[in-house]
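>>> Got a predicted structure plus its sequence, pasted below:
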Amino acid sequence: MVDYIVDGNIAVLEINNPPVNALSIHVREGLLTGIQKANQDGSVQAIVIIGKGSTFPSGADIREFGKPPKEPWLTAVGEAIEASEKPVISALHGTALGGGLEVALFSHYRIADERSRVGFPEVKLGLLPGAQGTIRLPRLTGLAVAMRIITSGDHINAPEALKYGILDKLISGNLLQEAKTFAKSVIGKPLDNRRLSKIAVRDAATVDKHFDEALAEVKRKYKGMIAPVNCLKSIRGSAKLPFVEAARLEAALFRELLTSAQSAALRYSFFADRSAPRWKLPSGASIENTKPDIIKSVAVIGAGTMGSAIAICFIRVGIPVLLVEQNDKLLQNALKNIGQILQGSVKLNRITADQRKQSLQILRGETSLDIVSDVDLVVEAVFENLKLKQEIFARLDKICKPSALLCSNTSTLDIDKIAVATNRPGKVAGMHFFAPAHIMKLLENVYGTHTSPSTVATIMDIGKRIGKVSVLVRTCDGFVANRMNRMVGNEAVFMLEEGALPQDVDRVLEDFGMAMGPFRVTDLSGSDVGWRIRQERAKEQGIQLTYETRFVNGERYSSLPDRLYELGRYGQKTGKGWYRYEKPFARTAYPDPEITDVINSHCRSLGIERRVIPPQEIIERCLFAAINEGFKVLEEGVAEKPENIDIIWQYGLGFPRYRGGPMFYASQVGLKTIYERVCYYYDAFPHSSYWAPSDLLRKLASHSTEVPIDQWTSKERSRL
Ligand SMILES: CCCCCCCC(=O)CC(=O)SCCNC(=O)CCNC(=O)[C@H](O)C(C)(C)COP(=O)(O)OP(=O)(O)OC[C@H]1O[C@@H](n2cnc3c(N)ncnc32)[C@H](O)[C@@H]1OP(=O)(O)O
Ligand SMILES: NC(=O)C1=CN([C@@H]2O[C@H](COP(=O)(O)OP(=O)(O)OC[C@H]3O[C@@H](n4cnc5c(N)ncnc54)[C@H](O)[C@@H]3O)[C@@H](O)[C@H]2O)C=CC1
């Protein structure tokens, strides 16, 4: 894992642990023995540490965290590097991150390929750079820069790192050759002034001021996360304490993080990010064995809220879009709106004015479907109405070339029912974007019974090309996101009837870490949408909904949202919803005594006695109901693995990454507890049938020991 090569008077320790040269146990051993050997070898006068392949080490081996630690620890390896009597030069290329950058900071000199990047991304894993990174970096950069680099986890490019003093020299030619030349030039020079443990933090006197400012910033930016706070405490220690004591403090703060639930969730999320886009169909077709078609042009049908934003997703990466609306007035409005959204992106420095211009040049608006005959992909985003979508798909099937894929942005409708309207069901799929579609990272791609593997490969690939996190799910009512989130919405409203207020429910879920509570979300998206859907469904079933309606088809129903609708309280757009706003479209939500009156009189008229609902019940009612549904989603094969569900919640529904996602959260609570509480609520609320416990959950919870989350899938399903 570490090759020891001597060239003249230079020993080269070449790290060879693809793909990212992570500092696994064998690499640490190899580095330690390499340093010892080079110091004992009389012919060697300087040592170069370099990475083979694409990069210098990009960090500790994340898979080793959570397992019993194996010696030598990185700190011991680093201390041997620093103590070396012969100069050690780290030669960086690719991404020198985390423990990799720490190895470089233990070295006496750091040179780097000019295209390389460095950084401490540990905070994103709920950790701190625990091999003295937090106490060595401030000695080079000063406190403010070190605090920013370590608490953000951002990568820094080589020229910037040179400016901050992290690097000594940038290299544009052959790194190894240049490293050897550099090494020869420093032979015999004193080393103590190159050993960071011997150097003071130059702005130590101002540490309290920097600490207070940075703390206020991280509490605002990374609400609820403990790692950035521990990073700052450790950096403060670097300035206030003698080096050895600062290192001891860092180690204690690191251990606290390493064993934290937040770090476990963030490490899980790191791997879930990489695993979720790797799709596999029950037929065995997968990302490994299926090639995507290359999409060169797209048509978007319907230029409303979603269609306009979806068009932006394609044009901003250079894929031409034909945007089709019902009439010219709506089309011109949409084109104007798109121009304004892109102008906003220019103002926010997300794109340049030139990029905006180029994007708009490849957007063309039309009012006739006939124009889309030659595109490779159609994304339909008209009203959520099955009949209308079927009509449009039947027409598209006739107009579009045979190879074109026909996709729907439907948020709930069965893809199979849309596909039957065509003669190409293999080329029909769902591409479910989340509002606002040009901002939200998630793309929930949906396959139906007949969707072909190559269609799946293509929609997953195009998702990646437009910068989305794409997750594949099988068609069902609401797919994964809306199907599970429905339980949160239902329980939230039922709890209002039983004793809570909107701000109580939202506060508890926001304190848990959700980006927004369910009532603030409803106010944002508009409660009129839900009202229309409920009325339409009731009409279809011949049911008359009234304020007295408490059950529909045997299922518990609350008419509270209907009361709000009829009061004209649609949410932010009317300046009133579950909250009060200063004016229509204002953002700040204020609890509204009028809402308290509406809820109280609703309860009085229905004879409901209100009670205090404790925060734990709010969490359980909202999240455990969704988790139980998540197990049904797994059991039915709608999602292939728990990571897919968790990534959908993180990127589509604002679930805190530091809790991993609802399924990972369930693994931390313990499946026995979840199962018992689900059974308890099913007893308490038999008219909410979604509380019926999932078979998969029951089965997993019945094991005498907790079944790890990576075993919740096919094995258990096939044993059911
Ligand atoms: C008292 C004792 C104290 C000891 C304290 C030690 C304290 C420390 O200081 C702790 C650390 O180093 S924590 C690790 C810090 N480093 C990171 O977080 C970098 C993580 N990796 C990346 O950002 C990208 O992979 C990267 C930018 C590097 C490359 O991106 P790409 O898009 O090119 O490639 P990926 O698809 O992300 O990765 C390729 C495969 O490599 C796996 N991998 C990446 N980084 C890893 C890592 N650090 N450890 C283990 N596996 C890692 C990654 O999962 C992927 O594998 P597959 O999914 O199987 O292909
Ligand atoms: N609004 C949201 O948050 C989300 C909506 N969706 C789904 O996206 C689809 C569209 O929703 P929104 O954009 O919110 O609706 P919207 O009402 O803002 O836009 C729909 C547009 O389709 C146009 N349209 C209707 N019939 C047409 C036809 N025959 N030809 C061309 N254009 C036609 C309408 O004029 C309207 O501009 C729905 O299926 C919805 O379920 C999916 C995810 C989120």
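That came through, no problem. Ligands and ions are numbered 1, 2, ... in the order given.
>>> Apart from its chain neighbours, what residue comes closest to the one residue in the stretch 201-350 of the chain that gets nearest to ligand 2?
Here the stretch 201-350 of the chain gets closest to ligand 2 at one residue, residue 304, 1.7 Å apart by Cβ to the nearest ligand atom. Quick note: C-beta positions are derived from backbone N, CA and C, even for glycine. With sequence-adjacent residues excluded and distances taken as Cβ to Cβ, 6 or more residues apart in numbering, residue 304 is closest to residue 381, at 6.7 Å.
>>> Quick check, that neighbour in contact with residue 302.
Yes - contact criterion Cβ atoms under 8 Å: residue 381 and residue 302 qualify, at 4.2 Å.
>>> Could you chop this structure up by domain?
If you go by automatic domain parsing, the domain ranges for the chain are 2-259, 298-475, 515-606, 615-717.
>>> Output the ones you listed as CSV; include the columns mean neighbour count.
Shown next, in CSV, are these (neighbours: other Cβ atoms under 10 Å):
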stretch, mean neighbour count
domain 2-259, 20
domain 298-475, 19
domain 515-606, 16
domain 615-717, 20
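>>> Compare those and give me the one nearest residue 281.
domain 298-475 (6.2 Å; Cβ to Cβ).
>>> So the residue in the stretch 51-200 of the chain positioned nearest to ligand 2 versus residue 469, what's the distance?
Using Cβ to the nearest ligand atom, the point where the stretch 51-200 of the chain gets nearest to ligand 2 is residue 124, with a distance of 28.2 Å. As judged by Cβ to Cβ, to the nearest Å, residue 124 and residue 469 stand 15 Å apart.
>>> tell me the SS of residue 12?
Following DSSP: H, G, I helix; E, B strand; the rest coil, residue 12 is assigned to strand.
>>> show me the contacts for the closest residue to residue 417 other than its chain neighbours.
Spatial nearest neighbour of residue 417, excluding adjacent residues (Cβ to Cβ, 6+ apart): residue 386 at 6.1 Å. Contacts were defined as Cβ atoms under 8 Å, 6 or more residues apart in numbering; by that measure residue 386 touches 413, 417, 418.
>>> same deal with residue 485?
Counting by Cβ under 8 Å, 6+ apart, residue 485 has contacts 626, 653.
>>> picking that back up, who's in contact with the closest residue to the residue of the stretch 51-200 of the chain closest to ligand 2 other than its chain neighbours?
Leaving aside its sequence neighbours, residue 124 sits nearest to residue 153 (Cβ to Cβ, 6+ apart; 4.4 Å). Residues counted as contacts of residue 153 (Cβ under 8 Å, 6+ apart) are 119, 120, 121, 122, 123, 124.
>>> Which pLDDT value goes with whatever residue of the stretch 451-600 of the chain ends up closest to ligand 2?
Nearest residue of the stretch 451-600 of the chain to ligand 2 (Cβ to the nearest ligand atom) works out as residue 525 at 5.7 Å. Looking at residue 525, its pLDDT is 86.
>>> Same question for residue 718.
At residue 718, pLDDT is 66.
>>> Likewise for residue 82?
Residue 82 is assigned 98 on the pLDDT scale.
>>> Would you mind measuring from it to residue 246?
Distance from residue 82 to residue 246, by Cβ to Cβ: 15 Å.
>>> Likewise for residue 433?
Residue 433 is 48 Å from residue 246, by Cβ to Cβ.
>>> do residue 377 as well
56 Å.
>>> and what of residue 671?
Counting by Cβ to Cβ - residue 671 and residue 246 are separated by 42 Å.
>>> Also residue 221?
Distance from residue 221 to residue 246, by Cβ to Cβ: 25 Å.
>>> What is the burial count for the closest residue to ligand 1 within the stretch 201-350 of the chain?
Ligand 1 sits closest to residue 274 of the stretch 201-350 of the chain, with a gap of 4.1 Å, by Cβ to the nearest ligand atom. Using other Cβ atoms under 10 Å, residue 274 has 11 other residues around it.
>>> Would you mind giving the secondary structure of it?
Once three-state DSSP is applied, residue 274 turns out helix.
>>> Ends of stretch 579-593, what's the gap?
9 Å (Cα to Cα, to the nearest Å).
>>> isn't residue 374 right up against residue 297?
Yes - using Cβ under 8 Å, residue 374 is in contact with residue 297, at 7.1 Å.
>>> Can you name the residues of the chain that neighbour ligand 2?
Residues of the chain found near ligand 2 (Cβ under 6 Å from any ligand atom) are 301-307, 324-326, 330, 381-384, 392, 409-411, 433-435, 525.
>>> cutoff 5 Å now
Contact residues, the chain versus ligand 2 (Cβ under 5 Å from any ligand atom): 302, 304-306, 325-326, 330, 381-382, 384, 409-411, 435.
>>> Can you flag which of these belong to helices?
305, 306, 330 (DSSP state H).
>>> any chance of the residues you listed in CSV, plus pLDDT?
Shown next, in CSV, are those (pLDDT from 0 to 100):
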residue, pLDDT
305, 91
306, 94
330, 97
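>>> What ranges in this structure fall below the confidence cut-off?
Within the chain, the stretches with pLDDT under 70 are 714-720.
>>> Return the residues of it in contact with ligand 1.
Taking Cβ under 5 Å from any ligand atom, the part of the chain that reaches ligand 1 is made up of 19-20, 22, 58-62, 73-74, 95, 97-99, 121-122, 129-131, 274.
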